[in-house]
Structures are given as C-alpha cells and as structure tokens.
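Colleague: Okay, here's the prediction I keep looking at, along with the sequence it came from:
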Amino acid sequence: MKKINAAIIGYGNIGRYVLNALESAPDFKVAGIVRREATPIEGINYPVVTDVTALKDVDIAILCVPSRHIKAYATEMLEKGIHTVDSFDIHTDIAAMRRELDVIAKKNNRSAIISAGWDPGSDSIIRTLLLAAAPKGITYTNFGPGMSMGHSTAVKAIDGVKDALSMTIPIGTGQHRRMVYIEIEEGLDFETVKSTILNDDYFKKDDTVIQQVDSIEPLKDAGHGVTITRKGVSGSTDNQLFEFDMRVNNPALTAQILVSTARAATKQMPGAYTMIEIPIIDLLPGDRDELITALV
Ligand SMILES: NC(=O)C1=CN([C@@H]2O[C@H](COP(=O)(O)OP(=O)(O)OC[C@H]3O[C@@H](n4cnc5c(N)ncnc54)[C@H](OP(=O)(O)O)[C@@H]3O)[C@@H](O)[C@H]2O)C=CC1
Ligand SMILES: N[C@@H](CCCC(=O)C(=O)O)C(=O)O
C-alpha cells in the first residue's frame, strides 16, 4: 500500500500532536515539517524546512498555523499542487473561506478540507446528525471549562504579549465566559492590551475577564471538552432529547481529527469542503466492506 506523504505546516501545539498522530497511523508517512525558521527540533529526524518545495513528493499539507493565517497557507499549498487540511475556527468566516478555496482547489486539481478539528469539525458532524434526527428544536454547544487554542493564539499574536491562556467557561445555553491570562513584556501598557483583546472578533461577543500574570506556564492545562444537547421534534413528536459529551486533551484531539481528515482529503474530487460534506467513512483507513460490516 502506498502511504500518504504528509507535511506538517507549523510546529506549535497542534503541529506537535499531528506528528504523533501521523506516526501512529498505518497509512501515512511524514515528509517533513515546514516552519517559519528552519530551527531543528530536538529528537526529530524528519527534515525541517522553510519552504514545502524542499520536501519530496508531498501529497498533503496539514496546516497547523494560527487560524488567521490559514487562507494564505492553504492558497500557497494548493497552488503548489498539494492537498490541504486545516482546523480554521473563525466560525463566521468558514462559508466564505470555503467558497474562495473551492475556486483555487479546483483550478489546481486538488482538494482542501477546512475547519477540521473538533469544533468546528467533529462537533459539526454531531450537530448535523442531531438536526437530521430532530429537524425542529434547539441545539446548545457548551464548551469547557478548558483551554481554547484559537483564543489563546489570537492573544499571543498581539505585540508585546509573551504568552497567553484563554480559558472557556460554560455559563449555559451555549454562552461562555472567557478568562484570559496574559504575560506581557515589561513596559507594555496592560490597559492597551486589554482593550485590543476586548475588541478582537474572537472575544467581542462574550463576557471576557483579563488578568495579567507573571507567568502562564504554571496555569497551563490543555484539557477541554464539550456538551452538545439538542431537544427537539422528530416528525411531529416532541421532547426528543440528545446529549453528546467529551473531556479531552484539546491539541491531541484536534491533531487526530486533522490526520483522519487528511486521509479523507486524498479521496475527494477537487474542491474545498467542510467536514459535514464528506463521506464519514473516508476518515478511516481500511477496507470499505469490512468497515461497513463492523460499523453499520
Ligand atoms: N477547529 C478546532 O477544533 C481547533 C482549531 N484550532 C486552531 O489551531 C490553531 C493553532 O493552534 P496552536 O497549535 O495552539 O497554535 P500555536 O501558536 O501553538 O502554533 C501555531 C504555529 O504556527 C506557526 N506559524 C506560522 N505563521 C505564524 C504566525 N504568523 N504567527 C504565529 N505562528 C505562526 C508557528 O510554527 P513555527 O514556529 O514552527 O513556524 C506556530 O508555532 C489555532 O489558531 C486554532 O484556531 C485549535 C484547536 C481546536
Ligand atoms: N476552536 C477551539 C476548540 C473548540 C472550543 C472553543 O471553541 C472554545 O473554547 O471557545 C480551540 O481553538 O481550542
């Protein structure tokens, strides 16, 4: 069996766990890691480069860069003839990005699966399934408590912020409080940073509390979770109640979904997709008949 040759783009929290998930997968090999600087990584024997073209025969690029940089990286990879997968999590911009990348992917005869982490991502599939099961009703997605990588990364991108941790605290009915801890450079005005965070799209809609701390490290815990509930109506029958709950290591799950989705990306027709548009069986390795026998 020919293995899928995957490049990891960006070696932060998600990138590290993607390497682990690739090494555990039966049908992938690691082409190398693309970083902003070709800083060697201790204990890693794969090539570390700054340009994906320095790696040989890459089938797919797993984009592990901050969401705000995904579109640029996805465009570059697709134009270089490489499939992409990412965990872009700016929910309001997903539909537009899919439309834009769809054109680029088709032009280059490649596929891109966007927003493929756990939320957006696997949770999106669960919400879709629940909507099919009870077409009338309300779904609540309650996150946490846990560390949001997307929100923490957005704060880390602010000039002068040395490190940040954004904890998502569920307050019920799909509403959340953001507890943001920041470590800033000496001399930087805390109130200015605070106002930048409060005006950022990631935080604007939510109750957000920001605290300056000496060091983020002792506070860090990458655990997270979600409870999705839907109460609704199947046909004309009320009171159908569904609940999905998980407590996870956030980057480990995001990375695993990215790798499973990378497998699916290699099986799609050219174009850009979200996870709810692809056959779920394509996420899995193995014989289709055997999977159907075991799972259906
Ligand atoms: N959909 C989902 O369920 C989830 C989505 N995510 C998304 O994953 C993204 C990445 O999270 P995480 O791994 O924690 O982030 P990190 O900040 O830990 O890592 C991002 C890496 O991207 C690379 N990079 C490339 N360009 C830039 C840039 N301009 N600024 C900063 N880094 C850059 C860097 O790697 P290098 O130094 O090697 O170049 C960096 O380490 C988040 O933005 C989040 O939106 C995360 C969790 C769940
Ligand atoms: N996209 C999230 C994962 C889902 C949880 C979430 O959206 C949140 O904590 O706000 C993340 O970046 O960690």
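Modeller: That came through fine. Ligands and ions are numbered 1, 2, ... in the order given.
Colleague: hey, let's count contacts and neighbours off CA atoms from now on
Modeller: Noted.
Colleague: Residue 184: neighbouring residues, count only.
Modeller: 22 (other C-alpha atoms under 10 Å).
Colleague: likewise residue 205?
Modeller: 13.
Colleague: Distance check, the residue most central in space within the chain against ligand 1.
Modeller: What sits nearest the mean C-alpha location of the chain, by C-alpha atoms, centre = their mean, is residue 87, with 2.6 Å. For residue 87, the distance to ligand 1 (C-alpha to the nearest ligand atom, to the nearest Å) stands at 4 Å.
Colleague: For that residue, which non-adjacent residue is closest in space?
Modeller: Leaving aside its sequence neighbours, residue 87 sits nearest to residue 115 (C-alpha to C-alpha, 6 or more residues apart in numbering; 4.1 Å).
Colleague: Show the pLDDT at the one you found.
Modeller: At residue 115, the pLDDT value in this model is 98.
Colleague: could you list every residue that touches residue 156?
Modeller: Listed by C-alpha atoms under 8 Å, 6 or more residues apart in numbering, the contact partners of residue 156 are 162, 163, 164.
Colleague: Same check on residue 253?
Modeller: Contacts of residue 253 by C-alpha under 8 Å, 6+ apart are 117, 118.
Colleague: do residue 212 as well
Modeller: 181, 182, 183, 184, 190.
Colleague: hmm, back to that, hang on, the residue nearest to residue 87 packs against residue 89?
Modeller: Yes - if you go by C-alpha atoms under 8 Å, residue 115 and residue 89 touch, sitting 6.0 Å apart.
Colleague: which of the two has more neighbours?
Modeller: Using other C-alpha under 10 Å, the more surrounded residue of residue 115 and residue 89 is residue 115, with 27 against 24.
Colleague: Could you pull up phi and psi at the more buried one?
Modeller: Torsion angles at residue 115 (phi, psi; degrees, to the nearest 10) stand at phi 60, psi 50.
Colleague: can you tell me which residues contact the residue nearest to the centre of the chain?
Modeller: So residue 87 contacts 63, 64, 67, 114, 115, 116, 117, 120, 121, 254, 258 (C-alpha under 8 Å, 6+ apart).
Colleague: number of nearby residues for residue 122?
Modeller: That count, for residue 122 with other C-alpha under 10 Å as the rule, works out to 18.
Colleague: who's in contact with it?
Modeller: 116, 257, 275.
Colleague: In terms of distance to residue 44, which of these ranks first?
Modeller: Here the nearest of the contacts of residue 122 to residue 44, counting by C-alpha to C-alpha, is residue 257; it sits at 22.3 Å.
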